[in-house]
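Novice: Please find the sequence and the predicted model below.
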Amino acid sequence: MADKDTRPTTMMIAAMGGEGGGVLTAWVVAAARKANLPVQATSIPGVAQRTGATTYYIEILPTKWDELGDKEPVLDLYPGPGSIDVMVATELLETGRAMERGFISPERTTLVASTHRVYTLSEKMAMGDQRYDGSKVMEAAKQMAHGTIMFNMEKAAQDVGSIINSVVLGAIAGSGRLPIPAEAFRAEIEATGRAVKANLAGFDAGLAYAKGDIVEVLPDQAERQAPSRKPEKKVAEFKARIERDYPSEVHPIVMEACGRVLDFQDAKYARLYLDRLDAIRKIDDGRKDGDYKLTNEVARHLGLRMTFEDIMRVAQLKSRKSRFERVRREVEAADDQLVKVTEHFKPGPYEFASVLPKRLGRRIVRWADNNPEKARKWHFGLHIRTDTVFGFYRVRTLAAMRKVRRMGYRYHEEQELIDSWLELIKQAARVGRNMALEVCECARLVKGYSDTHKRGTGNFKRIADGLIRPAIEAGTDVSDEIARLREAALADPEGDTLTDALGMGNAPTPVAAE
Amino acid sequence: MERSFAKEVQALKKGDGEVFEGEGILAVTKAALQSGVSYVGGYQGSPVSHLVDVLSDAKDIMDEYGVHLEICANEAGAASMLGASVNYPIRGLVTWKSTVGTNVASDALSNLSSTGVIGGAVVVIGEDYGEGASIIQERSHAFAMKSSLWMLDPRPNLNSMVNTVEKAFELSEASNAPVMVMLRILACHVQGRFTAKDNKHGRFSGNNKIDSPDFDYQRLAMAPATYNQEKSKWEHRFPAAIDFIRREKMNEFFDGDMKDIGIICQGGLYNTVMRGLEEIGLADGYGNSKVPIYCLNVTYPLVDDEVTDFCAGKDHVLVVEEGHPEYIEQQITVALRRADVQTKVWGKGPFPMAGQYTSGVIQTGLAKWIDEIKPEGADVDRAVAHAEHIGSLSGKAIAYLGTQVPMRPPTFCTGCPERPVFSAISLMEKDLGKTHISADIGCHTFSTLPPFNLGNTVLGYGLGLASSTGIAPNFSKRVISIMGDGGFWHNGLSTGISSSLSNKNDSVLIIMKNGYTSATGWQGVPSTPKDGNFDQSDMSIEETLNSMGVKWMRKVRTYSVGKMVKTLKQAMTTAEKGLKVIIAESECMLAKQRRVKAERAERLKAGKRAVRERFGIDDDVCTGDHSCIRLSGCPSLTIKANPDPLRTDPIAHVNTGCVGCGLCGEIAHAAILCPSFYRAEIVYNPNMVERVFSGIRKAMIRPFMTGEAIRLTDPLPGVMEQEEAAKAA
């Protein structure tokens, strides 16, 4: 009896707070009412009214009231699995969720979804990269839905200066699955009388995408790159050396990294970079199979490790012209608007030590390590306005201090850490290439500032001492084990997972001592 | 209020024969006016928060009919309001979220149910059960049974809902008992239509006041009157209610061809049952079912002979009853047994014992039942195949997806003033160790979710402090309790603070003072600052605490994380015994932004100077360890693919939603995180002096800027571009 003519057209909208899902629903309901079609809509805001997922459900009978006579349609309030005609999701992961809940069926469902991502907290909180692979949702959608209209609706909305709901409405209209013509929706947007121009622009964009009149294009890549200098005299030496000594497949990374090291300090330091890398390259040379993956990976990490973020580096990065331009772009300031920029610094004993001579610096760091409570009090909060003359000069002076960086404690400390890491890679390479790669990858653990940096360095040391060194001595390949411990170290900020993984039970850890 | 119904409430003026189109709760308000109600009240809470908002916005219309609106301090207050109908023939309607609201109201509600009423007394409860619910999962039904008040559960279309509310007043008067009208979450928000009637004036109201008081000891919930009242419930009120329900045909019979079987369902589930029958070929979309249906718009009391009449001659009857325990099914079984009717009763079995009865659940349950009893005239194979099909979709999708998509739990809004307090507690605990935290109900309960995971118990609204009194003396550290300003006035003041003071408890209480009950949509609380929207307010929490004798009290702006950490440490370690109160004050950011944005738009329109603040992150300074996110969780503090070709981990990123609350900078400072954050103030229409100044600054700064990055070759595409290219391919 579930005949086509008695069956309402059903639409479910999975949105998130603040996307205007309520207004979107109201547009559809109003358009259906004006078309004299029986319509019922409801929503589940619940506790998710603020920032979680919000669901709207609409049923529209494609038969007009006056054709129904005395028949009264019974419309359902609940979306049913397998019975959704139009599934709308305003974000990619929510598309996956709708699928998981059975709301997308190959027989019936047209999927109208945005491909952009709003990351969940668990993805954002991870210390490394725990982003969900969105391409899986795209592929699954093609299998599970009867038809799909998928594009980056957030970007489409930004492009025309509207919010996402009007683009979604355009895409819904473009799907042709609702018994309401596109013009009726446009009329409804006009009738609402708020942000009409922007909403119509969004609607038209959504409609055009849905009909295939607009095809998504890649964003302009050149625009996003910061400007750079290539002083030929300075860089020629390094370019020549790299081109001479290294196979072409590693050129991009080695050039990028070597240039960064040069930018960080000077030619002498860049030479040191290549000297260090040469030793690794020789390992790959010896393999004679033309595989330079280890060289490539070490080149990448070594470039990052040698350009550690001390005060001088941060000041250098923050006082570039392109940086101020980027800030203006980022905060969406128009040309006639002024932008005041305040930097948040809080240097403490570690930062002071880093610029002090080696021995003095070491003493301060030792003191701070032993007296973390007291050390905390020796941090100074600085709010520096880098758009003012005095504020900028202060930061610029710090940047200039990189000339004397070599004399400082931090420089020596970092070089020691780098050398011991490289040494470990070399030794691991004797056991096996995979193991060398895994040891190299452990450089990912060392990042951040202050406590985060200390913790990362500590975690690296724990894995090196607890697993890698003994394995090298025994000559056993523990690649998988290293990968597992590295993931464990990135699993939680307190280092508990790593402690468990290392089987150290109750042993005090450098982190627990904080 | 977050949502204004100023425009929608105009529909409440509609008269006889006009078509009313709108939301469920608006229709309920209209039904009350059509019933000649004299007073209304309630306490906000989803899913009936908007009903309170509608009543407020409809004040002018209410005034015309002399209807008094009371925004009650809590549900107990709302239930007590119905006391007006004990002595006088006037009608009242109150509303709250249930079951929690019913629990708070229970003292007054029980007494009211004992004395009985002579004016119609109706409670509209938002049954917050199932998907989207924010509270414990229980049935309000039990309360109706134990207190002998009646429970209505109308079909979820506006006609039925309006009709049921009107009938509820009549039923209440006919049987001298208060009546609950239960609306499920989706029914509260349903958009539909019905044909309106004229509004009515109440017999007595603000326009026509009662002159003389009624005294009748029999109407007091005092012994020995209570003994008679109990008797009256069974001798008079119950039979009167049954008569009325039967006479007015409040429950509905829908006949069908398959005479040997039948379905008894709660009214609220009728539409979903019909859709289920339609999907398996046993009904059409217009309410014509092959299976006879007995629809219970009144779920308590049951009319036993209606039940036995419906079942007589049937082999099988299916009870579709949501929730646990299955009170209705039990009662039907008893009724049939007593009448010696041998129909087999099905219910829980084909249907799950607990949980929401969504479309999928009902369709699956119906198919199971049909498969069990294989009735003549039903296409059993089709039903089974349908259930299998809808059940398989989820599994198929999960197989394609490979891994389950991560959850998206709700969290504090962008710029929420309560988030920094929990950042501060996290930082305090890093130094002093973890302690027990008695959480409360409100937006601040989001602290129990990631990234904070703070809060060890949640026992009820305003009960944060009270729920710490057992654990505090048994815990080695001082325990912390949380309470919102909403919870403070709701009952935290008496249950928590006065009790704690008189018992000389030693603990720390944080009162979140953001100015509104924000979680339910910014309704005012007694301490809401006075302005155009809130004229009843402006009471002082501080003065109240002072007068109660709180000795240790500190007020801290929530965004000052450093100061908050320091204050928390003091409270945790001071030698001073007794209750230590920290008032964490900053206005709800949603409310503030709505005001600030409007003001800014106004200034910009007039070409005046205006300032917008927000935070940003320097891509090349961020190393992608996300410590900042773990201490914040702000929706606008997110991640993006690393634009640096040498790095792979995503970096932190502040999106355009940022309102510049300042927390990012505060955390970077208090937790000593990293220097990649910057605060930007964007000045619109800067004045002449500023412009000149800025020009001079630029001239003095530009020549000294550090050189752009040195590169050996053209830049590599960053990971971000690589990812986008891969996606496009």
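Specialist: Now that the structure is in, tell me what you want to look at.
Novice: which bits of the stretch 351-500 of chain A sit near chain B?
Specialist: A:373, A:376, A:379, A:381, A:383, A:386-389, A:392-393, A:396, A:399, A:444, A:447-452, A:456, A:493 (CB under 8 Å from any CB of the partner chain). For every residue, glycine as well, the C-beta is placed using N, CA and C.
Novice: By neighbour count, sort out the buried ones in the residues you listed.
Specialist: When these are checked for burial by 16 or more other CB atoms under 10 Å in any protein chain shown, the buried set is A:379, A:381, A:386-389, A:392, A:396, A:399, A:444, A:447-452, A:456, A:493.
Novice: any low-confidence regions in the stretch 1-150 of chain A?
Specialist: Low-confidence segments of the stretch 1-150 of chain A (pLDDT under 70): A:1-5, A:45-52.
Novice: Would you map the strands across it?
Specialist: Here the stretch 1-150 of chain A has its strands, by DSSP state E, counting those that start in this stretch, at A:9-16, A:39-44, A:53-60, A:86-89, A:110-114, A:147-151.
Novice: Can you list the buried residues in the last one?
Specialist: Of the residues in strand A:147-151, those scored as buried under the neighbour-count criterion (16+ other CB under 10 Å) are A:148-151.
Novice: any chance of these in a markdown table, with distance to chain B too?
Specialist: Below are these laid out as a markdown table (distance: CB to the nearest CB, whole Å):
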| residue | distance to chain B |
| --- | --- |
| A:Thr148 | 13 |
| A:Ile149 | 17 |
| A:Met150 | 11 |
| A:Phe151 | 11 |
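Novice: ok, these vs B:Gly496, which is closest?
Specialist: Closest approach to B:Gly496 among the buried residues of strand A:147-151 (CB to CB): A:Met150, at 51.3 Å.
Novice: Pull the contacting residues for that closest one.
Specialist: Counting by CB atoms under 8 Å, 6 or more residues apart in numbering or on different chains, A:Met150 touches A:95, A:111-115, A:138, A:141.
Novice: Kindly report the residues of the stretch 201-350 of chain B close to chain A.
Specialist: Residues of the stretch 201-350 of chain B found near chain A (CB under 8 Å from any CB) are B:270-272, B:274-275, B:278-279, B:281-287.
Novice: List the ones among those residues that fall in helices.
Specialist: Those of these mapping onto helices are B:270-272, B:274-275, B:278-279, per DSSP state H.
Novice: Can you tell me which of those lies closest to B:Leu55?
Specialist: Closest to B:Leu55, out of all of these and judged by CB to CB, is B:Asn271, at 26.7 Å.
Novice: Pretty sure B:Arg155 is one of the things the closest one touches, is it not?
Specialist: Yes. Applying CB atoms under 8 Å, one finds B:Asn271 in contact with B:Arg155, separated by 6.7 Å.
Novice: quick one, which of the two is more surrounded?
Specialist: Between B:Asn271 and B:Arg155, B:Asn271 has the larger neighbour count (other CB atoms under 10 Å in any protein chain shown), namely 28 against 25.
Novice: any idea how far that one is from B:Ser160?
Specialist: 10 Å (CB to CB, to the nearest Å).
Novice: about what we covered before: can the contacts of A:Met150 go into a markdown table with extra columns for neighbour count and distance to A:Phe103?
Specialist: Output for the contacts of A:Met150, formatted as a markdown table (neighbours: other CB atoms under 10 Å in any protein chain shown; distance: CB to CB, whole Å):
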| residue | neighbour count | distance to A:Phe103 |
| --- | --- | --- |
| A:Thr95 | 31 | 10 |
| A:Leu111 | 24 | 10 |
| A:Val112 | 31 | 13 |
| A:Ala113 | 28 | 12 |
| A:Ser114 | 29 | 16 |
| A:Thr115 | 21 | 18 |
| A:Met138 | 17 | 17 |
| A:Ala141 | 26 | 12 |
